[in-house]
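>>> Provide a 3D model corresponding to the input given below.
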Amino acid sequence: MSTDSELIRRSQSSPPEFGALFDRHAETVHRYAASRVGAEIADDVMGETFLVAFEKRARFDHSRDSALPWLLGIATNLLHRHRRAEARLFAATEKSAGRLAAVASVDPDELRDVATALKKMPQPDRDTLLLYTWADLSYDEIAIAMNVPIGTVRSRLNRARKTVRDLTGTTELQEVRNG
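Presented below is the predicted three-dimensional model:
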């Protein structure tokens, strides 16, 4: 099986090759976007992500085999355009915490507090935390996705953990991971 890097390289001379990259990662990109802004807008974000990636494929760092961190970085940047939708999703989570908690077997107050914490943290910290918790990226992959040094990722996650801990009393970040 070809690496993502090989697919992107081949797509330079044969654009249809890029379709295999879509087939490989579209579901993950969509799931990440949906967790941030809901399924309807996630469709648009996913499509835009692959369009931008296709247009910028010549800039891909071929020292990396996987394109997933790169794709999720593009998606994160596109999600910034949809901040109002994300804010509505957090507000809806706060309001419907009781119903969601019953379905997810989670304390409704904790769920409400997590949504509040996400709304209150600075955007770069929130993006870093959500790439870690909802997209399940490693620190190295987050650094690639956000185009920042790994030390910045560590600092942002530390601040995000503190914000969540201060507002929820949750001591383990794993408790914040989206099912």
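>>> low-confidence stretches in this protein?
For the chain, the stretches flagged by pLDDT under 70 are 83-111, 169-179.
>>> now with 50, please.
Along the chain, the parts satisfying pLDDT under 50 run over 96, 98-104, 171-179.
>>> sec struct for the most centrally placed residue in it, please.
Closest residue to the average C-alpha location of the chain: residue 131 at 3.9 Å, with Cα atoms, centre = their mean. With DSSP: H, G, I helix; E, B strand; the rest coil as the basis, residue 131 sits in helix.
>>> please apply the same query to the one 10 residues further on.
Secondary structure assignment for residue 141 (three-state DSSP): helix.
>>> got a list of what it touches?
66, 68-69, 72, 131 (Cβ atoms under 8 Å, 6 or more residues apart in numbering). Every residue, glycine included, has its C-beta placed from N, CA and C.
>>> and these, which are buried?
68-69, 72, 131 (16 or more other Cβ atoms under 10 Å).
>>> dump the contacts of residue 141 to TSV, plus distance to residue 40 and secondary structure.
What follows is the contacts of residue 141, written out as TSV (distance: Cβ to Cβ, whole Å; DSSP: H, G, I helix; E, B strand; the rest coil):
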residue	distance to residue 40	secondary structure
66	28	coil
68	23	helix
69	25	helix
72	20	helix
131	21	helix
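>>> any idea how far residue 26 lies from residue 20?
Applying Cβ to Cβ, to the nearest Å, the value for residue 26 to residue 20 is 11 Å.
>>> actually residue 45, sorry about that
Distance from residue 45 to residue 20, by Cβ to Cβ: 21 Å.
>>> who's more crowded, these two?
residue 45 (23 against 17; other Cβ atoms under 10 Å).
>>> which of the helices or strands spans the more buried one?
If you go by DSSP states H and E, residue 45 is part of helix 39-55.
>>> for that helix, packing partners?
For helix 39-55, the packing partners by 3 or more Cβ pairs under 8 Å, 6 or more residues apart in numbering; DSSP states H and E come out as helix 18-37, helix 68-79.
>>> right, so of the ones you listed, which gets closest to residue 135?
Among the helices and strands packed on helix 39-55, the nearest to residue 135 by Cβ to Cβ is helix 18-37 (4.4 Å).
>>> which helices and strands does that closest one pack with?
helix 4-11, helix 39-55, helix 68-79, helix 83-95, helix 123-133.
>>> how about stretch 132-144 as PDB, C-alpha atoms only?
Provided in PDB are the C-alpha atoms of stretch 132-144 (Å, rounded to 0.1, in the frame of the first residue of the first chain):
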ATOM      1  CA  TYR A 132      -5.700  15.800  20.800                       C
ATOM      2  CA  THR A 133      -9.000  14.700  22.300                       C
ATOM      3  CA  TRP A 134     -11.300  14.500  19.300                       C
ATOM      4  CA  ALA A 135      -8.900  13.800  16.400                       C
ATOM      5  CA  ASP A 136      -6.700  11.600  18.600                       C
ATOM      6  CA  LEU A 137      -3.400  13.100  17.200                       C
ATOM      7  CA  SER A 138      -0.100  12.800  19.000                       C
ATOM      8  CA  TYR A 139       1.900  15.800  20.100                       C
ATOM      9  CA  ASP A 140       4.100  15.500  17.100                       C
ATOM     10  CA  GLU A 141       1.100  15.300  14.700                       C
ATOM     11  CA  ILE A 142      -0.500  18.300  16.400                       C
ATOM     12  CA  ALA A 143       2.700  20.300  15.900                       C
ATOM     13  CA  ILE A 144       2.600  19.400  12.200                       C
END
